[in-house]
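Undergrad: how would this look folded up:
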Amino acid sequence: MGPNIETFLGCDATFEEADIVLFGAPFDSTTSFRPGARFGPSAMRHESFGLETYSPYQDADLRDYAIMDSGDLELCFGSPEMALRDIQARAEEILDAGKLPLLLGGEHLVTLGAVRAAAQRYPDLHILHFDAHADLREDYLGAKLSHASVIRRCHDSLGDGRIHQFCIRSGDREEFRFAQAGHTEMHPFSFDGLPETVETLQRDNVPVYLTIDLDCLDPSAFPGTGTPEAGGVSFPQLLDAIQTACWARIVAADVNELAPMLDPSGASTATACKAVRELLLALCRSRKLYGGE
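TA: Numbers count the residues shown, from 1 in each chain. Okay, the predicted model is just below:
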């Protein structure tokens, strides 16, 4: 892999130098409401130059770390399984080199490809899931591979007790009953319980995949997404949750569901960029804490 011509802010290290490697998955073929998330990765990359590399929230600077942006994958829009295989292959390449993959979506289904790669390398993998939607449907209109069923497909691989969901405020009755039956640990509406969950994950030193669907944010803060859901968290609450989550041993992560053209003001893209910057810096701290992989 070589560096992309246009990179996310400050992420211009070579693959050999980098400890964290970004890659984009511009895919939204199973979107059930408003499409456009396929344009999220390139929008985040382009608009990131409106940010400083320095974060006053964490007193840290992207320029002090070796991070690579390897660009967007070219994915088959007609086949979710083919797209997931390509995502998995890129994540495996990064993990096999001892680096942390950070996937930029795209719709939330793209997470499944990276989770498959991480679970293959770390059989005891846990997932921290920030989202407005449970994503626990067995299928959506008969399709088992859907952004509405991505966490259910992750559960198929990981089993009970290893998926921890926060901010969930939407789903059908069966999804909530599935979680309430103990298949996942669901914390509805907010990040309540996140510090205690992270403390347990940290104590047990288990590998963790962090997936952030940006529609966990309230639409007043983040309208540029395919399925906005009223009643979400604020941006400062999300930043605090990102920093809290990264006290765990994060081995892979993603940020998804920005559909930039659905917010012509550009505010949603700017919000996504800032979330990615803060996540990158928190991941660098986590890698230092746990000595890499």
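Undergrad: in stretch 257-274, what's buried?
TA: Buried residues in stretch 257-274, defined by neighbour count with 16 or more other C-beta atoms under 10 Å: 257-260, 262-263, 268-274. All C-beta atoms are positioned from the backbone trio N, CA, C, and that covers glycine.
Undergrad: what mean pLDDT would you report for the helix of greatest length in the chain?
TA: The longest helix of the chain (DSSP state H) is helix 267-290. Mean pLDDT, computed over helix 267-290, is 96.
Undergrad: so how far is that helix from its chain's centroid?
TA: Remark: helix 267-290 is offset 11 Å from the chain centroid, using C-alpha atoms, centre = their mean, to the nearest Å.
Undergrad: Between which two of the buried residues of stretch 257-274 is the distance greatest?
TA: Farthest-apart pair in the buried residues of stretch 257-274 is Leu262 and Lys274; separation 18.1 Å (C-beta to C-beta).
Undergrad: show me the contacts for Thr31.
TA: Ala37, Glu107, His147, Gly226 (C-beta atoms under 8 Å, 6 or more residues apart in numbering).
Undergrad: between those, which is nearest His129?
TA: Distances from His129 to these, taken by C-beta to C-beta, are shortest for His147, at 12.9 Å.
Undergrad: Where does the prediction get shaky in the stretch 151-293 of the chain?
TA: Across the stretch 151-293 of the chain, the ranges flagged by pLDDT under 70 are 293.
Undergrad: cutoff 90 now
TA: By pLDDT under 90, the weakly predicted segments of the stretch 151-293 of the chain are 288-293.
Undergrad: Name all residues that make contact with the closest residue to Arg287 other than its chain neighbours.
TA: Once flanking residues are discounted, Arg287 sits nearest to Asp19: 5.8 Å by C-beta to C-beta, 6 or more residues apart in numbering. The contact partners of Asp19, by C-beta under 8 Å, 6+ apart, come to Tyr65, Ala66, Ile67, Lys99, Leu100, Cys284, Arg287, Gly292.
Undergrad: Just the local confidence number for Asp19, please.
TA: Turning to Asp19, the model gives it a pLDDT of 97.
Undergrad: now swap in Leu145 and tell me
TA: In this prediction, Leu145 carries a pLDDT score of 77.
Undergrad: So it, which state does it fall into?
TA: coil (DSSP: H, G, I helix; E, B strand; the rest coil).
Undergrad: Tell me the spacing between the closest residue to it other than its chain neighbours and Val115.
TA: Ranked by C-beta to C-beta, 6+ apart and with sequence neighbours excluded, the top spatial neighbour of Leu145 is Pro80, at 4.2 Å. Distance of Pro80 to Val115, computed by C-beta to C-beta, to the nearest Å: 14 Å.
Undergrad: What helix or strand is the nearest residue to Leu258 once chain neighbours are set aside located in?
TA: For Leu258, ignoring the flanking residues on the chain, the nearest one in space by C-beta to C-beta, 6+ apart is Gly40 at 3.7 Å. Using DSSP states H and E, the element containing Gly40 is helix 40-47.
Undergrad: Go through that helix and flag the buried ones.
TA: Gly40, Pro41, Ser42, Ala43, Met44, Arg45, Glu47.
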